[in-house]
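# coords below, sequence missing:
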Ligand code: MN
């Protein structure tokens, strides 16, 4: 049986499932599976609810100075995106310093502090003027990067997924409802390692705003509730080693503290 036939047959057999391109399961009539599989979630601040994660999108080179330090011209390049698997999230509870595992295969492991937008709805071809209506809330996150592997693959014109999309590569704090925080178009964003400030910029320096990122992404993908968008890192990315503690800040959100172990 061709895979496409199987998917459609499975979706039909599940009953009540919506055909979205892959087989899905309805909550009312769960299917029997040979093993359990859970949807990754992130806690919602000041709530007993958690936010289920659909996809994790990341925008590349969204601050001019960072684009230059990565070797590209920020004035000419349209935004580009990559994804991390939705179970790449490592949740960092407020007021704690979490232990973050130094990953395999790298000798140049980099931090990138980023604002994360969480979507409560989505669609295709969303105009930027309507884009922020889809935002559920915001969080502080890290797009951790095996820089040597990213560069090695990029130099060979191969996908650099291995540099970006590995286990635990997306530490983040809880999601704060937009009703509490408002939208983030400006405000300080910074990261310090062992008390020494490394990244220090302002969200207003983004080349593409969160609204524009949603608009651009929705031209390429149908965005959905549960999607996270890592909105890019300011300049002065750099390495950490085991024992280092990263303290991340965005004006208007609680700090995020991560120890590399
Ligand atoms: Mn990034």
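Structure's in. What do you need? Please read all numbers here as calculations on a predicted model, not as lab measurements.
# Can you report how many residues neighbour the residue of the stretch 101-250 of the chain found nearest the ion?
Closest residue of the stretch 101-250 of the chain to the ion, C-beta to the ion: residue 143 (3.4 Å). For glycine as for every other residue, the C-beta is placed from the backbone atoms N, C-alpha and C. As a burial measure, residue 143 scores 27 neighbours (other C-beta atoms under 10 Å).
# I figured it hits residue 237, correct?
No. Residue 143 lies out of contact with residue 237 (C-beta atoms under 8 Å); the separation is 9.2 Å.
# who touches both of the two?
Here residue 143 and residue 237 have residue 112 as joint contacts, going by C-beta atoms under 8 Å, 6 or more residues apart in numbering.
# got any ranges where the stretch 51-200 of the chain has weak pLDDT?
For the stretch 51-200 of the chain, applying pLDDT under 70 flags the ranges 76.
# residues from it in reach of the ion?
112, 143 (C-beta under 5 Å from the ion).
# where along the stretch 51-200 of the chain do the helices fall?
If you assign secondary structure with DSSP state H, counting those that start in this stretch, the helices in the stretch 51-200 of the chain sit at 64-69, 128-131, 147-155, 161-164, 178-181.
# Identify, out of the ones you listed, the most deeply packed stretch.
Among the helices of the stretch 51-200 of the chain, helix 161-164 has the highest mean neighbour count (mean count of other C-beta atoms under 10 Å), at a mean of 20.
# Test of understanding: give the bridge partners of the closest residue to residue 106 other than its chain neighbours.
Excluding its sequence neighbours, the residue lying closest to residue 106 (C-beta to C-beta, 6 or more residues apart in numbering) is residue 146, at 3.8 Å. Beta-bridge pairing for residue 146 (DSSP bridges): residue 109.
# No further queries at this time; thank you.
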